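[1] Below: sequence and its predicted model.
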Amino acid sequence: MSPPVAQLLHRLRQSFDGPQLLFMGFVGLLLVGGAAALLRQQPALLLPSILAVGGLVALTEWRWLYYGLFFLLPFSEEISLFGGLSMDVPSEPMMLALTACVGLALLLGTVRLARRDWLHPLVVVLGLMLLWTAVDTAFSVDKVKSVKYLLAKAWFIVPFLLGTLVIVRRPEHTWRFAAFYAAGACLSVLYVASRHATKGFSFEEINWALHPFFRNHVIYATMLALLIPFAWFGLQATRKTSGRLAWQVALGLLVFGLLTSYTRASIVSLPIAGFFYVTMRLRLTKALLVAVAVSTGAGVAYITSGDNYMEFAPNYERTVFNGHNFEKHLEATYKMQDVSGMERVYRWVAATRMIADKPLVGSGAATFYPEYKRYTLKSFRTYVSDNQEKSTTHNYFLLQLAEQGIPGFLLFATLVVTALLQAERLYHRSRHQPDVRRVVLAAALSFVVIVFHLTLNELVEVDKIGPVFFVCLALLIRAESWLTEGSEQ
C-alpha cells in the first residue's frame, strides 16, 4: 500500500471512534447485501446483513430479548427435527441467543454481578448441582443424552438466574418481567377459550383446545397458576389506575383459564401456596419441612418394607380415564382408579427399583426413558403404560434419585429447602420495605406452586415453567441484596 493511501486511512481511523466505525461497518454490510440482492434478484443475500444488525442489537440491548422471550413463551411450539430430535420454537432459539448475550456481557465486563451474588448459597448449590451432573455423566447409560441435558441446563441458568440478577436492579423491575409473561399468557387463554368454547368447555376436549402451543393441560395450567401470585402482588404494587385495571383483567383471565383447564394439581396448588404464606408468617417453615421429611421417610419405609407396595397395585380393567366427566374423574382419583394417578404408581415403582440398583450415581441425567422399562412390574401396568409421550417419573424428586443418585437428590432438595427458608427470613426482614416484601411473596408463592407440581410432574426443563423456577430464585437473591443495602444505608 502506497504511503499517501496509508496516511489517508490512518487519518480516517483517527476521525472516528470505535462505535462509529462499527456502525459504519454494519451500514456498509447492509448496503453491499442490498445491492447484491437487487442485482442478483435474490432477497436471501440480505440475510447476513440482517442477522449481523440483529446480533448487534441483541448484544447491546439484550434486555428486550429477555422480555420478548417471556411474552412469546406461551406461544412456543414443539417442532420435529432430524434424527428424532425436537425443538421448541421460538423459545429455545431465543434462550440460546440470550444465554450467549448474558454470558458475553458478563465475560466482557459490560455488566457485573456483586461478589455476594456469586457466593450466595442458592448460586453455590446450583453450581454444585451442575458439577455433580458433569461428574455423573461418566457413569451414565447414555452419555450423549446426559451431555445434552448438562448443556440445556446452562441455557436455563445463565439467562434466567444470572440474566435476571443483571436486569432486576430495583423492586419495580420485577413487575416488568411479570407483565410481559402475564400478557402473553392472557392472550393464550383467550386463544384456548375461543377454541374450547366451541366444544362447550368440555373436560374431554381441553387438550384439543390447547393445540398447538401446549403439549398437555398440565403445562398450560401450571403456567397460569405460577403467574397468579405475580399478578396479585403486581396489582398491589401498582398505583396508576390503568395499571391496576390491567392487572385486574390479567388476574381474572388467569383464574378463568386455570379453572377451565380442569387440572386438579394446579387448582390445589393455590391453597397450598396460601398455606405456605401462613406458615411463613408464623415462622414455621423449618417445622413444616421437618414434618414433610419425616412423614415422607416413614411412608417410604412402610411401602418398601416387605411386599407392602403391592397393596397399591391397580385393577387393570377398572383403572380408566373419565375424560367425559370431571366429577367422575375426581371420584376415580381418591378411589385410586384414575389411570393417570395409577400410571404414576407404575413409574414410581420402576424408579424405586432403579434407585435400589444404582443408589449412588443413578442411570445418568435424562436417561429415565426408556431405561425404566427394564425395572417395571406387570402387576402395576395400566393401558397407557406404553408411554408414547416418552414422559418420565411424574415426580421430579424421585427422578433426581433415579437418574443422578443420592447426591443429585440431596443437592436438589437442599436447593428447595434453602429457597423456602430464605423466603421466610426475607419476608420478616422486609416488614419495613413493602416494595421488597411484595417481590419476596410473589417469588416465594410462585416457587411453592412450581415445587408442588414437581411432586406430580417433571417441569423444571419445560420451557414455559423452568424459566420462572430460576427467576424466583434470582428474585430471592436480589431481595436479600436490597435489604442488605438498605440496612447499610
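    Thanks, I have the structure now.
[2] Mind pulling up the pLDDT for Gly18?
    Predicted confidence (pLDDT) for Gly18: 48.
[3] typed the wrong thing, it's Met94
    We have a pLDDT of 87 for Met94.
[4] what's the spacing between it and Met129?
    As judged by C-beta to C-beta, to the nearest Å, Met94 and Met129 stand 24 Å apart. Quick note: C-beta positions are derived from backbone N, CA and C, even for glycine.
[5] Surely Ala231 and Gly257 touch.
    No: here Ala231 lies out of contact with Gly257, judged by C-beta atoms under 8 Å, at a distance of 11.7 Å.
[6] which of those two has more neighbours?
    Neighbours were counted for Ala231 and for Gly257 using other C-beta atoms under 10 Å; Ala231 has more, 27 against 23.
[7] Using CSV, write out every CA atom in stretch 372-379.
    Extracted C-alpha coordinates of stretch 372-379, given in CSV (Å, rounded to 0.1, in the frame of the first residue of the first chain):
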residue,chain,number,x,y,z
TYR,A,372,-37.1,-47.6,33.5
LYS,A,373,-38.9,-50.2,31.3
ARG,A,374,-36.4,-52.8,32.5
TYR,A,375,-37.5,-52.2,36.1
THR,A,376,-41.3,-52.2,35.7
LEU,A,377,-43.7,-54.7,37.3
LYS,A,378,-46.6,-56.0,35.2
SER,A,379,-48.9,-56.0,38.2
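[8] buried ones in it?
    For stretch 372-379, the neighbour count (16 or more other C-beta atoms under 10 Å) marks Tyr372, Tyr375, Thr376 as buried.
[9] ok, back up a step: and Met94 and Met129? Which one has more around it.
    The neighbour count for Met94 versus Met129, taken as other C-beta under 10 Å, is higher for Met94 (23 against 20).
[10] which SSE is Val255 in?
    Using DSSP states H and E, Val255 falls within helix 241-259.
[11] Quick one: distance of that helix to the chain centre.
    Offset of helix 241-259 from its chain centre (C-alpha atoms, centre = their mean, to the nearest Å): 22 Å.
[12] same deal with stretch 427-445?
    Worked out by C-alpha atoms, centre = their mean, stretch 427-445 lies 22 Å from the chain centre.
[13] what mean pLDDT does it have?
    Mean pLDDT, computed over stretch 427-445, is 97.
[14] Now do that stretch: everything it contacts.
    Stretch 427-445 is contacted by residues 171-172, 174, 178, 229-230, 232-234, 236-237, 273-274, 276-277, 280-281, 283, 419-420, 423, 426, 471-472, 475-476, 478-479, 482-483, 486 when judged by C-beta atoms under 8 Å, 6 or more residues apart in numbering.
[15] go again using 7 Å as the cut-off
    Residues from elsewhere that reach stretch 427-445, judged by C-beta atoms under 7 Å, 6 or more residues apart in numbering: 171, 174, 229-230, 233, 236-237, 273, 276-277, 280, 423, 426, 472, 475-476, 479, 482-483, 486.
[16] and the closest residue to Trp232 other than its chain neighbours, how many neighbours?
    Spatial nearest neighbour of Trp232, chain neighbours left out: Leu251 (6.4 Å); criterion: C-beta to C-beta, 6 or more residues apart in numbering. Around Leu251 there are 19 other residues, counting by other C-beta under 10 Å.
[17] ditto for Trp64
    Neighbour count of Trp64, defined by other C-beta under 10 Å: 11.
[18] where's it, which helix or strand?
    Per DSSP H and E, Trp64 falls inside helix 63-72.
[19] which other helices and strands contact that helix?
    If you count contacts as 3 or more C-beta pairs under 7 Å, 6 or more residues apart in numbering; DSSP states H and E, helix 63-72 packs onto helix 91-108, helix 163-167, helix 173-196.
[20] looking at the ones you listed, which has the lowest confidence?
    Taking the mean pLDDT of the helices and strands packed on helix 63-72, helix 91-108 comes last: a mean of 90.
[21] what's the spacing between that one and its chain's center?
    16 Å.
[22] Taking helix 63-72 as reference, get the angle to that helix.
    With axes from the mean of the first three to the mean of the last three C-alpha atoms, to 10 degrees applied, the angle from helix 91-108 to helix 63-72 works out at 160 degrees.
[23] following helix 91-108, which helix or strand shows up next?
    Past helix 91-108, the next helix or strand by DSSP H and E is helix 115-118.
[24] That following helix - what's its average pLDDT?
    The pLDDT scores in helix 115-118 average 95.
[25] Residues contacting it, please?
    Contacts to helix 115-118, defined as C-beta under 7 Å, 6+ apart, come from residues Val123, Leu165, Ile477, Ser481.
[26] which SS class is the last one?
    At Ser481 the chain is in helix, as set by DSSP: H, G, I helix; E, B strand; the rest coil.
[27] Return the distance of stretch 124-138 from the chain's centre.
    Distance, centroid of stretch 124-138 to centroid of chain: 19 Å (C-alpha atoms, centre = their mean).
[28] Let me fix that, I meant to ask about stretch 364-375.
    22 Å.
[29] and it, how far apart are its ends?
    When the termini of stretch 364-375 are compared using C-alpha to C-alpha, to the nearest Å, they are 15 Å apart.
[30] so for that stretch, what's the average pLDDT?
    In this model, stretch 364-375 carries a mean pLDDT of 92.
[31] swap in stretch 279-294?
    On average, stretch 279-294 scores 97.
[32] in the helix or strand harbouring Ala209, what's buried?
    Here Ala209 sits within helix 206-210, counting by DSSP H and E. Within helix 206-210, the residues that count as buried by 16+ other C-beta under 10 Å are Ile206, Asn207, Ala209, Leu210.
[33] Name the nearest of those residues relative to Tyr346.
    The closest of those to Tyr346 turns out to be Asn207 (C-beta to C-beta; 21.0 Å).
[34] Distance check, the closest one against Ser430.
    Taking C-beta to C-beta, one finds Asn207 at 41 Å from Ser430.
[35] Centre of the chain to stretch 171-190, how far?
    15 Å.
[36] Have a look at the protein and report its longest helix.
    Longest helix of the chain, by residue count under DSSP state H: helix 396-429.
[37] which element follows that one toward the C-terminus?
    Sequence order places helix 434-454 as the next helix or strand after helix 396-429, per DSSP H and E.
[38] Ile157 is in contact with Thr99, correct?
    No: Thr99 is beyond contact range of Ile157, at 8.8 Å (criterion: C-beta atoms under 7 Å).
[39] By mean pLDDT, point me to the weakest helix or strand of the protein.
    The weakest-scoring helix or strand in the chain, judged by mean pLDDT, DSSP states H and E, is helix 326-334 (a mean of 47).
[40] how about low-confidence regions in the stretch 1-150 of the chain?
    The stretch 1-150 of the chain contains residues with pLDDT under 70 at 1-31, 33-60, 82-85.
[41] Next, report how far stretch 414-432 is displaced from the centre of its chain.
    20 Å.
[42] list the buried ones in it?
    Per 16+ other C-beta under 10 Å, stretch 414-432 contains these buried residues: 414-420, 422-427, 429-430.
[43] ok, back up a step: of the helices and strands packed on helix 63-72, which approaches Lys464 most closely?
    Per C-beta to C-beta, nearest to Lys464 of the helices and strands packed on helix 63-72: helix 91-108, 7.8 Å.
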